[in-house]
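In: below is the sequence, then the predicted model.
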Amino acid sequence: MQNLSYKQEFAFGMDYGTGDFKYGPISCGERPEIVENRGYFPEKESIMYRTFESPKEIVVGKDVPLYLQASEDLSSRLVYPMKNGVIEKNDAQAWNVVREITKYGFETFRSANPAFEGFYLVSSLSSLSPKYMYEKLFEIYREVNREQRLIKAATVIQQPLAVAIAHKTTTCVVIESGHGNTQVCPISRYPVRNAIVAINRGGGDANALTAEILKDQGYGDLAKEEAIVRKVKESIGLVPIDLDKAVALARKNPKKYRAKFKLPGTRISVDFEENSWTRFLIGEYVFNPNHELFQSYFSRGLGKPRDAKIGEATFKGTLDFGDAVVEAVERCPIELQQHLYRQILLSGGNFSWDPPDNLRDAATDSTNKMRILLKQKGITNVKSIMTESPQFSVWRGCIIYGYAVPEDYEWNWERMEGWNMLGK
Amino acid sequence: MFSYDGVVTAVRILEEIDLSRRNSVLEAVLSSTSLTNQVNRVYLALPKLLSAAIDGSIVEQHGIGLMVFDETTLEEVVAPKHFQAKNNSPALVGEEPYRILHDEIANLRARIDSLEGVAESMRSEIARLRSLKCSPPQIRTTSISSSPSPTEQTPSFMKDNPWVEVLSRRGQEGDRYVS
């Protein structure tokens, strides 16, 4: 029988994201603690370093800004361990950051409760993370326990599974689209690992196209500033219902669809005037970069998203999101497929598209765009929804998993699930 | 360094380009401190951009004046102390080799003293910062419930969540695993 009352206090979640590390026990409530997933390696010769009573090899968490030295140091000394959800096996620096940030996560919540025997730790990795990353994490957790027994049992789950759990959906397709890439993962009470489709395209690619459009409009100086390009993309980019029709409408009536943007607090402004139709290219490119209109950008130097091997997975470059969902679902058992199409869960910043009401005749949001793309492939009866609180949903899924999975369900490398008792 | 109305003033200027060199601010403070027994007033002048890197109270403690400048303005932020110069600067008046050597030793002593002073100030400043962040670990606890059913404290994302039932059956016979 499960000791749920113990887990109700000591289930602990850790989400190692590309940008942020989200962590905390179930008692955090609705939202976890968040720090940037990074570590700083101070220069040992610096007077600042030597002045500290017990100098650290690596600084993580909220203290990092206190240690930062001159900007020239940052590129080599400030390490973000996760690259597209993967850490190279022999990247000792990155693994050291993961070790320190894990310890940091526990330090905040060290329990004084005499009943404490260690946390039920559930951590989460990208669905594309290779097996050695799981092994490394368990190794780190054993090390943590050698110093002080803080972990009673540990497990690692895939981020799309955690997202589905947090959204109370047991059968669905989770599409997670971040800055660098996109993962499409069918879930049917378990992640269907053999059906995962990876796409080498994310928000960064839409930024690159926006920069090219800015150059064409005479804003070459702004195109060099990544932060400004991103702002322009978010402010004027639109996802078209149908690209050809949207472009025709905007060319006919450029006043209505005018793409105009002023950066708050500055004199910087952008106005596409009669070329405002190009704003539809930005949103379309996220979902489908195969339209002939993009060819002229590729021929003039815009890097075409290419197939890439990252970790153990092959990421496809120009696969449109509709085809990606179809490909993932068709790798699942036939009787499951119709249920999967009925619940498509969109997660990640690359899906934050919502047009103004007066432009809804030509533009749409991400959920509707997915429905349109699937309809073009002959798939109807699709329900597509955006995740709520996308920043916290992985951590929430970890907490529920830690609370509910029985402690006698032991870790198994075949199914990549269960509790690892860490050599108890 | 210049002299006006019998008062010898030294100004150490730090430029924006120095931003690229680590410890340049610290070096500038130390070298300015070493001038305090050669001249009557010592200033450290630095671009406004760099001014945030300097704790005004530290230079003030050592009697050094602080000026900040940009392309159009120069502003005195901290007034310097008036020092009784032990000797005139070699740059102003010629000295005999013996005298120069003597002064150099005095300068080195002064630099060591000031270095110790600055290090001590930094140590106490860092200790203060550490004490701020060393607040007792935040321990969040909830009371252990005797009931396994969701309580009022259960987060909303757990309530009515079908996964709780699905996951609680993990490992039981008949559970289907799709790979």
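Out: Sure, I can see it. Residues are numbered from 1 along each chain as shown, chains lettered A, B, ... in the order given.
In: can we go C-alpha only for contacts and neighbour counts from here?
Out: Noted.
In: residues near A:Pro114, how many?
Out: Neighbour count for A:Pro114, taken as other Cα atoms under 10 Å in any protein chain shown: 6.
In: next one: phi and psi at the residue nearest to B:Pro47 when sequence neighbours are not counted?
Out: Leaving aside its sequence neighbours, B:Pro47 sits nearest to B:Phe69 (Cα to Cα, 6 or more residues apart in numbering or on different chains; 4.9 Å). When quoted as degrees, to the nearest 10, the phi and psi of B:Phe69 stand at phi -140, psi 160.
In: what of A:Glu57?
Out: Dihedral pair for A:Glu57: phi -70, psi -40, per degrees, to the nearest 10.
In: go ahead and confirm it touches A:Arg77.
Out: No. Applying Cα atoms under 8 Å, one finds A:Glu57 not in contact with A:Arg77, separated by 11.0 Å.
In: got the residues of the stretch 251-400 of chain A near chain B?
Out: By Cα under 8 Å from any Cα of the partner chain, the part of the stretch 251-400 of chain A that sits against chain B consists of A:396, A:400.
In: please work out which residue of the stretch 251-400 of chain A is closest to chain B.
Out: Nearest residue of the stretch 251-400 of chain A to chain B (Cα to the nearest Cα) works out as A:Ile400 at 6.6 Å.
In: quick one, what contacts the closest residue to A:Ser384 other than its chain neighbours?
Out: Distances taken as Cα to Cα, 6+ apart put A:Ile344 closest to A:Ser384, at 4.5 Å, once the chain neighbours are dropped. Counting by Cα atoms under 8 Å, 6 or more residues apart in numbering or on different chains, A:Ile344 makes contact with A:172-175, A:382-385.
In: residues near the closest residue to A:Ile165 other than its chain neighbours, how many?
Out: Computed as Cα to Cα, 6+ apart, the closest residue to A:Ile165 that is not its neighbour in sequence is A:Gly397, at 5.0 Å. Neighbour count of A:Gly397, defined by other Cα under 10 Å: 31.
In: which SS state does A:Gly397 fall under?
Out: helix (DSSP: H, G, I helix; E, B strand; the rest coil).
In: is it true that it touches A:Lys168?
Out: No. Counting by Cα under 8 Å, A:Gly397 does not reach A:Lys168; the two are 9.2 Å apart.
In: any idea of the mean pLDDT in stretch A:97-106?
Out: When pLDDT is averaged over stretch A:97-106, the result is 95.
In: need the CA coordinates for it. CSV is fine.
Out: Output of stretch A:97-106 as CSV, limited to C-alpha atoms (Å, rounded to 0.1, in the frame of the first residue of the first chain):
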residue,chain,number,x,y,z
VAL,A,97,26.5,22.6,-13.4
VAL,A,98,23.7,20.0,-13.3
ARG,A,99,25.2,18.5,-10.2
GLU,A,100,25.5,21.9,-8.4
ILE,A,101,22.0,23.1,-9.5
THR,A,102,20.5,19.9,-8.2
LYS,A,103,22.1,20.3,-4.8
TYR,A,104,21.0,24.0,-4.9
GLY,A,105,17.4,22.9,-5.5
PHE,A,106,17.4,20.7,-2.4
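In: that stretch and chain B in contact?
Out: No. Applying Cα under 8 Å from any Cα, one finds stretch A:97-106 separated from chain B by no less than 10.1 Å.
In: how about the helix or strand hosting B:Val166: buried residues?
Out: In the assignment (DSSP states H and E), B:Val166 maps to helix B:162-168. By neighbour count with 16 or more other Cα atoms under 10 Å in any protein chain shown, helix B:162-168 contains the buried residues B:163-164, B:166-168.
In: average pLDDT across that helix?
Out: What helix B:162-168 shows for mean pLDDT is 94.
In: over to stretch B:127-137?
Out: Per-residue scores along stretch B:127-137 average to 57.
In: cool, and stretch A:283-298?
Out: For stretch A:283-298, the per-residue pLDDT values average out at 95.
In: which secondary structure element of the chain has the lowest mean pLDDT?
Out: By default, I'm working from chain A. Lowest mean confidence among the helices and strands of chain A (mean pLDDT, DSSP states H and E): helix A:47-51, at a mean of 54.
In: my question was about chain B, not that one.
Out: That would be, for chain B by mean pLDDT, DSSP H and E, helix B:48-51 at a mean of 70.
In: can you name the next helix or strand after that one?
Out: That would be, after helix B:48-51 and using DSSP H and E, helix B:56-61.
In: how close does the residue nearest to A:Glu417 when sequence neighbours are not counted sit to chain B?
Out: Once flanking residues are discounted, A:Glu417 sits nearest to A:Trp411: 5.4 Å by Cα to Cα, 6+ apart. Going from A:Trp411 to chain B by Cα to the nearest Cα, to the nearest Å gives 10 Å.
In: show the contacting residues for A:Trp411.
Out: Contact analysis of A:Trp411 by Cα under 8 Å, 6+ apart lists A:155, A:417-420.
In: what is the burial count for A:Pro65?
Out: Count around A:Pro65 with other Cα under 10 Å applied: 11.
In: quick check, it in a strand?
Out: No. Read with three-state DSSP, A:Pro65 is helix and lies in no strand.
In: what distance do you get for it to chain B?
Out: For A:Pro65, the distance to chain B equals 12 Å [Cα to the nearest Cα].
In: give me the pLDDT for that residue.
Out: If you check A:Pro65, the pLDDT there is 75.
In: one more: B:Thr151?
Out: pLDDT, B:Thr151: 57.
In: what of B:Glu71?
Out: Looking at B:Glu71, the pLDDT reads 78.
In: now for it, how many residues are close by?
Out: 7.
In: list the contacts of it.
Out: If you count contacts by Cα under 8 Å, 6+ apart, B:Glu71 has none.
In: surely it is in a strand?
Out: No. Judged by three-state DSSP, B:Glu71 forms no part of a strand; its state is coil.
In: so it versus A:Leu281, what's the distance?
Out: Using Cα to Cα, to the nearest Å, B:Glu71 is found at 44 Å from A:Leu281.
In: same thing with A:Val35?
Out: As judged by Cα to Cα, A:Val35 and A:Leu281 stand 35 Å apart.
In: which one's more surrounded, these two?
Out: With neighbours defined as other Cα under 10 Å, A:Val35 and A:Leu281 compare such that A:Leu281 has more, 25 against 19.
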